[in-house]
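Asker: structure, please.
(one chain, ligands or ions: 1)
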Amino acid sequence: MTTSLVWFRDDLRVADHPALAAGRSEGAVVALYVLDEESEGIRPLGGAARWWLHHGLEDLRAGLERLNVPLVLRRGAAPEVLREVLEASSADAVYWNRRYGGPERSVDQRVKSEAAEAGLHAESFQASLLHEPWTVRNGQGEHYKVFTPFWKAASARHVRPPVDAPARQGSAPANLPDSEDLADWDLLPTHPDWAGGLREAWTPGEAAGHQALEDFLDGPVADYPQDRDRPSRPGTSRLSPYLRWGHVSPFQVWDAAVRARTPRNHQAVQTFTAELGWREFCWSQLYHHPDLAEANLRPEFSDYPWQWPRESGTPHDAGAFPDPVPDGGPSPTARVRAWRRGRTGVPLVDAGQRELWATGWMHNRVRMVTASFLVKNLGIHWRVGEQWFWDTLVDADAANNPANWQWVAGSGADAAPFFRIFNPLTQHDRFDPDDDYVRRWVPSFGQEGYPEPIVDVKQSRAAALEAYQRLRDAN
Ligand code: FAD
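Answerer: Numbering: from 1, shown residues only. Take a look at the predicted model:
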C-alpha cells in the first residue's frame, strides 16, 4: 500500500486541506508538523503565537486521530527533518499546502527538489489564499500596488469550493517515525503564566473557528459596515487567529459568506469579503517584497526621523535619529514603554494596548489608532510597533502585520497618506462615544490616578507634519 507524508504548516485543519485529501486518495497517511524556528518566518514566533500554536496542534492531533492519521511532531531545520521522516515512514510521496513568504518558499523548494532526487513524489496545493500572488496581474503583467484594482481583478476570478475532510483510514501506516512530545516544546508560558486572559478570550482549533464563522454570519454580518468600527460591539468576525493558523481556510469563509447572502445583507457581506481581500493584498505584498517587515516600500521614508527605544534587541536603521526628540518630552524608550503598557494618558490608545496585552487581540479600528499614535505622535519607527504586535497578537501574521504597519506609517503600498493623521481623541468620540470600550479596559479612565497625555496630541502632530514636509522637500 502507498504511504504519503502530509506536511502541516499554517493550515492546522483536516477539512479543506487539499494536501491531506490528496495523500488519503493515494493510500495511508502520516501527518507531520515541524517547528523550525531557525529558517522559517520573518523571525521566531512571538509569545501569544506560541500559546496559540500549542493548543492549535492539540486540536489538530485530535482531528487527525478521528481520521486515524498519526501526527508526528519534530523540531529542527525542515529539510533535514523531512529527509529523516520520509525515510523512517517509508513514504512514497509528500504533500503540502503552499506558503508565500520568502524563507518558506526557499525551504519548500529545497524539500521538493530533494524529494525528487530521492525518487519520491512531491506535490503542493493552493489552500491558504483565494488567489495566489502571481495570478493577479494587470494588463502589463505586473502585480497591483493599489488595493481597489487588485481586488476588482482578484474577485472576478473563480474561487474553488472547499474540499471535504477525507474519510477515516482503516489502518495507520506500518512504519511510524518517532514523535516528540508537544509539552517538551515549551510553547506555553509558565513562569509567569500570563496566558489567563488568552484562555478566557479564545478557544484555538477548527471547531471553534467554524463556530465563530457561523455565529458571525448568523447575525452580526448584517450590521458589519457600521458596527465594524465600534470596538465596544461584537461587530466583527474575530476570525483572524483562525485564518492565521489555518483552522479555517479562506475558501471556507468565502463559501459560507456567499451562502449566507440575502437581498438584505448583500452589501454587508460584500464589505466583509473585501476584508478577506485585504488579507490577500497583504500576502501579495509579502510575496513580491519578502523584506516587507524590514524595509519601507516607499524608500524615501528611510529619511524620516523615526526614533528607536534604547533597548537591546531593538533593530537599528540607518535613517533613525537619536535623542532628543523633535517635540521635547519623554525619551523614545519611555514613550515606547508607556505605549506598550497602555499608560500614554490617551484613553483609546491605552484601552487598545491593554486589550492586546490581556487577550492577544485588538479591534481593527483601535489597531489603526494606536499604531498611528506610536508612529506619528510619538515619532517611533513602525518596526518597533510591528515587533510588539508580533509578540503579543494571537493572529500575528507575517504579511498582515507589517503591511498594515506600513499602511498606517504611510510608507507602504496604497498606504494612508502620511499627512492624514488619526486624532486619537476625536476617534474616541466618534467610535466609542459612550466610553464603553475605554472603560472596559481602562477602569481608571476619568479618575485621579489616570496619567496626563505623554505628548500633546496637537503639537506632536504638527512636529510629525513638519518632519514629513522636510522629507518631501529633500526628495
Ligand atoms: P474582520 O473585520 O471580521 O475581517 C475578517 C478577516 O479579514 C480578518 O480575520 C482578517 O483575516 C482579514 N482582515 C481584516 N482586516 C484586515 C486588514 N486590514 N489587513 C489584512 N487582513 C484583514 N490582521 C491579522 O490577521 N494579523 C496581524 O498581525 C494584523 N496586524 C495588524 C496591525 C495593524 C497596525 C493594523 C492596523 C491591522 C492589523 N491586522 C492584522 C488587520 C486587522 O486589524 C485584523 O485582521 C482584524 O482586526 C481581525 O479581526 P476580525 O477577524 O474580527 O476581522
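Asker: for Leu73, give its distance to the ligand.
Answerer: Distance, Leu73 to the ligand, by C-beta to the nearest ligand atom, to the nearest Å: 25 Å. C-betas here are computed from N, CA, C, even on glycine.
Asker: should've said Thr190
Answerer: Taking C-beta to the nearest ligand atom, one finds Thr190 at 25 Å from the ligand.
Asker: and His363, by the same measure?
Answerer: Taking C-beta to the nearest ligand atom, one finds His363 at 6 Å from the ligand.
Asker: please name the nearest non-neighbouring residue to that residue.
Answerer: Nearest residue to His363, sequence neighbours excluded (C-beta to C-beta, 6 or more residues apart in numbering): Pro231, at 3.9 Å.
Asker: could you count how many residues lie near that neighbour?
Answerer: Neighbour count of Pro231, defined by other C-beta atoms under 10 Å: 27.
Asker: now do the phi/psi pair for it.
Answerer: phi -60, psi -20 (degrees, to the nearest 10).
Asker: again, but for Ser411
Answerer: The phi/psi pair for Ser411 (degrees, to the nearest 10) is phi -90, psi 0.
Asker: what does the one 3 residues further on give?
Answerer: Note on Asp414: its backbone torsions stand at phi 50, psi 40 [degrees, to the nearest 10].
Asker: is it correct that it is in contact with Asn404?
Answerer: No. With contact defined as C-beta atoms under 8 Å, Asp414 does not reach Asn404; the gap is 11.5 Å.
Asker: which one of the two has more residues nearby?
Answerer: Asn404 (22 against 18).
Asker: so Leu120 touches Ser90, yeah?
Answerer: No. Contact criterion C-beta under 8 Å: Leu120 and Ser90 do not qualify, at 10.5 Å.
Asker: so what pairs up with Leu5 in the strands?
Answerer: Val30, Val94 (DSSP bridges).
Asker: neighbours of it, how many?
Answerer: Burial of Leu5 is recorded as 28 neighbouring residues (other C-beta under 10 Å).
Asker: so what's it up against?
Answerer: By C-beta atoms under 8 Å, 6 or more residues apart in numbering, the contact set of Leu5 is 23, 29-32, 82, 85-86, 89, 91, 93-95.
Asker: now with 10 Å, please.
Answerer: Contact partners of Leu5, counting by C-beta atoms under 10 Å, 6 or more residues apart in numbering, are 19, 23, 29-32, 72, 82, 85-86, 88-96, 115, 120, 122, 173, 177.
Asker: please name the nearest non-neighbouring residue to Pro220.
Answerer: Sequence neighbours aside, Gly235 is the residue nearest to Pro220 in space, at 5.7 Å (criterion: C-beta to C-beta, 6+ apart).
Asker: go on, Ala15?
Answerer: With C-beta to C-beta, 6+ apart, the residue lying closest to Ala15 is Ala165, at 4.2 Å.
Asker: ok, the one you found touching Val14?
Answerer: Yes. Counting by C-beta atoms under 10 Å, Ala165 does reach Val14; the two are 4.5 Å apart.
Asker: so for the two, which residues contact both of them?
Answerer: Common contact partners of Ala165 and Val14 (C-beta under 10 Å, 6+ apart): 20-21, 24, 63-64, 66-67, 206.
Asker: switch these over to a markdown table; also include pLDDT, distance to the ligand and secondary structure.
Answerer: Converted to a markdown table, the shared contacts of Ala165 and Val14 look like this (pLDDT from 0 to 100; distance: C-beta to the nearest ligand atom, whole Å; DSSP: H, G, I helix; E, B strand; the rest coil):
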| residue | pLDDT | distance to the ligand | secondary structure |
| --- | --- | --- | --- |
| Leu20 | 98 | 22 | helix |
| Ala21 | 98 | 24 | helix |
| Arg24 | 95 | 28 | helix |
| Gly63 | 98 | 21 | helix |
| Leu64 | 98 | 25 | helix |
| Arg66 | 97 | 26 | helix |
| Leu67 | 97 | 27 | coil |
| Glu206 | 98 | 16 | helix |
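Asker: sec struct for Val248, please.
Answerer: Secondary structure assignment for Val248 (DSSP: H, G, I helix; E, B strand; the rest coil): coil.
Asker: and it, what does it touch?
Answerer: By C-beta under 10 Å, 6+ apart, the contact list for Val248 reads 12-13, 15-16, 162, 205-206, 208-213, 237, 239, 241-242, 256.
Asker: what are the ranges of the strands in the chain?
Answerer: Under the criterion DSSP state E, the chain contains strands at 3-8, 28-35, 71-75, 93-97, 121-125.
Asker: the first one vs strand 93-97, what angle?
Answerer: If you take axes from the mean of the first three to the mean of the last three C-alpha atoms, to 10 degrees, strand 3-8 sits at 20 degrees to strand 93-97.
Asker: same check, this time on the second one
Answerer: On the basis of the same axes, to 10 degrees, strand 28-35 is oriented at 50 degrees to strand 93-97.
Asker: buried set for strand 28-35?
Answerer: Going by neighbour count (16 or more other C-beta atoms under 10 Å), the buried part of strand 28-35 is 28-35.
Asker: so which of the residues you listed comes closest to the ligand?
Answerer: Leu35 (19.8 Å; C-beta to the nearest ligand atom).
Asker: hang on, the earlier thing: who has more neighbours, Leu120 and Ser90?
Answerer: Between Leu120 and Ser90, counted using other C-beta under 10 Å, Leu120 has the larger neighbour count: 17 against 13.
Asker: correct me if wrong: that one contacts Ala93.
Answerer: Yes. Leu120 is within contact range of Ala93, at 6.0 Å (criterion: C-beta under 10 Å).
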